[in-house]
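>>> Just the structure for this:
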Amino acid sequence: MDYLPLNAIRAFEAAARHLSFSAAGEELHVTHPAISHQIRRLEEWLGVPLFDRGARKVRLTEAGLALQASAGAALAELNAACRRIRRSAGAQSLSVGCIPSIASRWLVPRLTDFTARHPEIAIRVTYAKAEDRLDDEDNDILITLGADPSPHVTSLKLFSRISRPACSPHYLARKGRLGTPAEIAAADLLHDETPLGWRDWFSRAGMAGTSLGNGPVFADFNILATAVIAGHGVALCPIEVFREELMRGDLVILSDIATDSDKGYFLTMSAQPSAAEIKFADWFRDQVSTEGDAGV
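Below is the predicted model:
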């Protein structure tokens, strides 16, 4: 029997959603050629092309559009059905997707406490991005930036993303004084992914249009954290994420002017969570809510 190539359907759905084989490969953790191979396999099975392949981009054919309309919904329903079955079976395992900033500073250092309390629950921790949603990956729980508005999930706020300028005490000692926005503007500014954060901060400080200099831009938050703690300059730090570093004195806050006060970090799980999901969510919320504060 000529079976429907289900792996190829998944590759097609991701490529159709992104209109990019490379982006689909990144999402599914495979290479661009692997996605291309799966889609050609599906096209051969169907007998029609699904994409018009241009020099710089791809677009869906009429057949591709027709398949996309049902593939995404079918995969989502299959995923939901499997989750329902696993919850009803009382599975004692959890896959937790977590963004690196929270994983390195909050989740991983405390994970042995959870496993000691609940040895019956097997935990798998995976990498998550800020824009991920629960249905995007095979995770039971997501810890990420922002709430998921989907109706079939529950998002619980962990703490604020409010950010203020901070640096190491060693850097502050070298600079002498960094008490005003003008003095901060003259410092070595460190950037998280783009200079937009500092641009917003100087606008809020009444100094719109301030030159941001040529300070390094870090694509990874944890590298930025290493740089600011090592004394390389001033960064806009989410103060709850850096709660322990601030309490220990590894970092000092330089100004009360803040950005991102309307944003937060959230734990997302099913609207009908399993007992294991509830135990993990209760434990992690307790961890982040009881260990002091950073002076917010």
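
>>> tell me the phi and psi of the closest residue to residue 193 other than its chain neighbours?
Spatial nearest neighbour of residue 193, chain neighbours left out: residue 219 (6.1 Å); criterion: CB to CB, 6 or more residues apart in numbering. (C-beta placed from N, C-alpha, C; glycine too.) Residue 219 has phi and psi values of phi -80, psi -20 when expressed as degrees, to the nearest 10.

>>> pLDDT score for residue 8?
Note on residue 8: pLDDT of 89.

>>> And residue 142, by the same measure?
For residue 142, pLDDT reads 94.

>>> so it sits in a strand?
Yes. Residue 142 sits within a strand when classified using DSSP: H, G, I helix; E, B strand; the rest coil.

>>> so what are the domain limits for the chain?
Domain assignment for the chain by automatic domain parsing gives 6-84, 91-158+264-290, 163-253.

>>> now those in a markdown table, with mean neighbour count?
Formatted as a markdown table, the domains of the chain follow (neighbours: other CB atoms under 10 Å):
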| stretch | mean neighbour count |
| --- | --- |
| domain 6-84 | 16 |
| domain 91-158+264-290 | 17 |
| domain 163-253 | 17 |
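
>>> least reliable of those domains going by mean pLDDT?
Between the domains of the chain, the one with the least mean pLDDT is domain 6-84; it has a mean of 85.

>>> Can you show me the strands along the stretch 1-150 of the chain?
51-53, 58-60, 93-98, 122-127, 141-145 (DSSP state E, counting those that start in this stretch).

>>> and if you look at the stretch 151-296 of the chain?
153-160, 163-167, 189-192, 217-218, 234-238, 252-253, 264-270.

>>> so how far is residue 12 from residue 56?
Computed as CB to CB, to the nearest Å, the residue 56 to residue 12 distance reads 20 Å.

>>> Same check on residue 157?
Residue 157 is 36 Å from residue 12, by CB to CB.

>>> what do you get for residue 57?
16 Å.

>>> cool, residue 251 as well?
For residue 251, the distance to residue 12 (CB to CB) stands at 47 Å.

>>> Same question for residue 164.
On the measure of CB to CB, residue 164 and residue 12 end up 45 Å apart.

>>> swap in residue 178?
With distances taken as CB to CB, residue 178 is found 53 Å from residue 12.

>>> Quick check: residue 151 touching residue 270?
No. Residue 151 is not in contact with residue 270 according to CB atoms under 8 Å; the separation is 11.3 Å.

>>> how far away is the nearest residue to residue 145 once chain neighbours are set aside from residue 196?
Take residue 145 and drop its neighbours on the chain: the residue closest to it by CB to CB, 6+ apart is residue 130, 4.1 Å away. Residue 130 sits 14 Å away from residue 196, taking CB to CB as the criterion.

>>> Then residue 12?
Separation of residue 12 from residue 196 (CB to CB) stands at 35 Å.

>>> Quick check: closest non-adjacent residue to residue 9.
Counting by CB to CB, 6+ apart, the residue nearest residue 9 is residue 71, at 5.8 Å.
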